[in-house]
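J.: I need the structure of the sequence given here:
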Amino acid sequence: MRLLCAIAVFSALTACGNQPYTDYFPDAELAPEITSITPPEIDGIDGGQGVVISGTGLANARTVVIGSRNATILEATDTSVSVLIPSFTAGGGAVEVAVVTDDGIARLDRSFTYKAPAGDFTADEAASAYLAVVDCPVEAWGYSPSDDDYVPLWWCGMEMGWVEGGGWDGTGLQPGYAGDMSGYGQLSSLPPVGEGRFYGSGDPRPSKPGQFFKYLPAGGYISVTTERDFARDLAYIAEKTADLETYYSYWDDISFIYEPFAVGRIDDEDVCWTELEVESALGDTLFFDGDPSDWSHIDLAYGVEELDGEYYTEGYFSTATVDDASNGSLVGGSSGIVLEYDDYSGQFGPNAERWPGGGDVPFDERYFVRTKGLEEGGTPRGAVQSVTELELITPDLMTGLETLDMSGPIEFTWVPEEGDEDPSFLVVDIRVYDTQVTNPDTGWFAEIARFVTQGDDAAGSLTIPVEQLAQMPTAAPTFDDNYDFVELYAEVTVARHQLRKVATEDDESLVVDFVHAIAAPVDLVR
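T.: Below you'll find the model as predicted:
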């Protein structure tokens, strides 16, 4: 009954020629006007930079909107409004600026431009994937008050790293999303080269672009794979063995290292797996002194004995399906990652039963991209070149405890990437955690400070000025008697991102972000 009465009253007002409310801005001569915005463009989408909007009638500005997002008003006069710009969605472009006052609304279309890293490259991105190879030290070193000395703590283990990947297939364009998925430095929010960005405990962290996923049936995937080369896999294990000798503090206690062997998984209730020592490798074929014919999957590993067999530890470095096997040899499936679709989250991720190892995403190889969505079977999308290995010269993060002295400039150096036309980014990310507080979202220590900066990959070096680190707290890994972290803990990640893309459909693209990152605890001093 109330609804009918309300409709009747509204109808009577309009029928009599009356407006249900007066004109909100009655005096057009008092309406504001925008003539310019300074600076007219910025790099990055994270927001927070100051700009000045010039014009007339701006003194009582109530709201400033830039690119459909509210800016923070700092000061307003009749001829200008100073604001902090908001964060933007990934992709970059020219947007409208609008000022709302008590007397009207002023607009200036396409008057402000923000540049997102690789914005042109990712402008038609509709699907995304990332493959990340992460290196980290076998041990983390920290100070033990009870020992009154620095002692090692088992950290990344014999593998000294891992591989991960993820994907997303959108219902519309999602430019820049691939470079934000891995978490090793969000490309869309990087400051310009030579600048740094600090985040305190109360500062909001960069947000990822909006997600609009395409619902797919079970069995959908994004496959990014390269041809299997078991000799390459064995060479990777040999490199890790050499790293173990360089960085493992108990190397002198190692009494025996087992040659690489294959762990074969068997679809049998009574026998889950067996092991065979690898005799040799040729292309996609492994040779054994034994019979792998009942294997369905394999993992390549090595073993280490310490103190005359008192301790035995294994490291796992790559995994493969078995395409064909007979007495004495097997043919393995491709390297890389098959990201399988999860209809609950809309995301793509590695199969939990075949989690990839460090050797499964080799550097500088040609990868073939294939997708499966609603269509029957998979669709080839093209081929891309993978990331160039990041060879970090200084600091040597693989030692497990490098000291970064923030009382002076800090220099990072690496072997530069050369001759690549696709976007390549070098990101340094320094984070400090409170080890006594747990972040409920991550299950890890609560982050209280973060500093992010970008280097020119081709330059091979990056120097962080002392003033950029003025707000970073000092932190040193410290263990209690149970070898649990106490006090503040700092970690540095140096990551190389290299973007690649292939066609999907309707002139859109699938962007693949290949990442090689090196992450380790550090001692931050001043």
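
J.: For the rest of this, base every contact and every neighbour count on C-alpha atoms.
T.: Will do.

J.: Am I right that Gly359 is in a strand?
T.: No - counting by DSSP: H, G, I helix; E, B strand; the rest coil, Gly359 is not found in a strand; it is helix.

J.: right, and it touches Ala235 too?
T.: No - applying C-alpha atoms under 8 Å as the test, Gly359 and Ala235 come out as separate, 9.3 Å apart.

J.: quick one, which of those two is more surrounded?
T.: Shown here are Gly359 and Ala235; by other C-alpha atoms under 10 Å, Gly359 has more neighbours (26 against 12).

J.: wait, what's in contact with the more buried one?
T.: If you count contacts by C-alpha atoms under 8 Å, 6 or more residues apart in numbering, Gly359 has them with 233, 236-237, 317-318.

J.: Just those residues: which are in helices?
T.: 233, 236-237 (DSSP state H).

J.: is it possible to export these to TSV including neighbour count?
T.: Formatted as TSV, the ones in helices among the contacts of Gly359 follow (neighbours: other C-alpha atoms under 10 Å):
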residue	neighbour count
Asp233	23
Tyr236	18
Ile237	24
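
J.: Closest one to Pro40 out of these, please.
T.: Tyr236 (49.5 Å; C-alpha to C-alpha).

J.: how close does the closest residue in space to that closest one that isn't next to it in sequence get to Glu227?
T.: Of all residues not flanking Tyr236 in the chain, Gly359 sits nearest, at 6.2 Å (C-alpha to C-alpha, 6 or more residues apart in numbering). Relative to Glu227, Gly359 is positioned 13 Å away (C-alpha to C-alpha, to the nearest Å).

J.: what's the answer for Cys136, then?
T.: Separation of Cys136 from Glu227 (C-alpha to C-alpha) stands at 26 Å.

J.: Between the two, which has more neighbouring residues?
T.: Cys136 (23 against 16).

J.: ranges for the helices of the stretch 51-200 of the chain?
T.: Taking DSSP state H, counting those that start in this stretch as the criterion, the stretch 51-200 of the chain contains helices spanning 178-181.

J.: Could you break this protein into its assigned domains?
T.: The record's domain parsing of the chain by automatic domain parsing lists 28-115, 125-204+211-227+334-525.

J.: Dump these to TSV, plus mean pLDDT and distance to Glu305.
T.: TSV is the format used below for these (pLDDT from 0 to 100; distance: least, C-alpha to C-alpha, whole Å):
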stretch	mean pLDDT	distance to Glu305
domain 28-115	89	50
domain 125-204+211-227+334-525	92	12
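
J.: among these, which is nearest Asp294?
T.: Taking these one by one with C-alpha to C-alpha, domain 125-204+211-227+334-525 is closest: 17.6 Å.

J.: So what would you say the end-to-end distance of that closest one is?
T.: 42 Å.

J.: How far does that domain sit from its chain's centre?
T.: 4 Å (C-alpha atoms, centre = their mean, to the nearest Å).

J.: Now do the same contact list for the closest residue in space to Ala517 that isn't next to it in sequence.
T.: Leaving aside its sequence neighbours, Ala517 sits nearest to Ala495 (C-alpha to C-alpha, 6+ apart; 4.0 Å). Contacts here follow C-alpha under 8 Å, 6+ apart; on that basis Ala495 touches 184-185, 390, 425-428, 515-518.

J.: Ala495: helix or strand, and which one exactly?
T.: Ala495 belongs to strand 488-503 when assigned by DSSP states H and E.

J.: Show me what whichever helix or strand comes after that strand is packed against.
T.: Sequence order places strand 509-525 as the next helix or strand after strand 488-503, per DSSP H and E. The elements that strand 509-525 packs onto, with contact taken as 3 or more C-alpha pairs under 8 Å, 6 or more residues apart in numbering; DSSP states H and E, are strand 125-135, helix 178-181, strand 402-405, strand 488-503.

J.: For Asn70, which of the ones you listed is the nearest?
T.: Of all these, helix 178-181 comes closest under C-alpha to C-alpha, at 22.9 Å.
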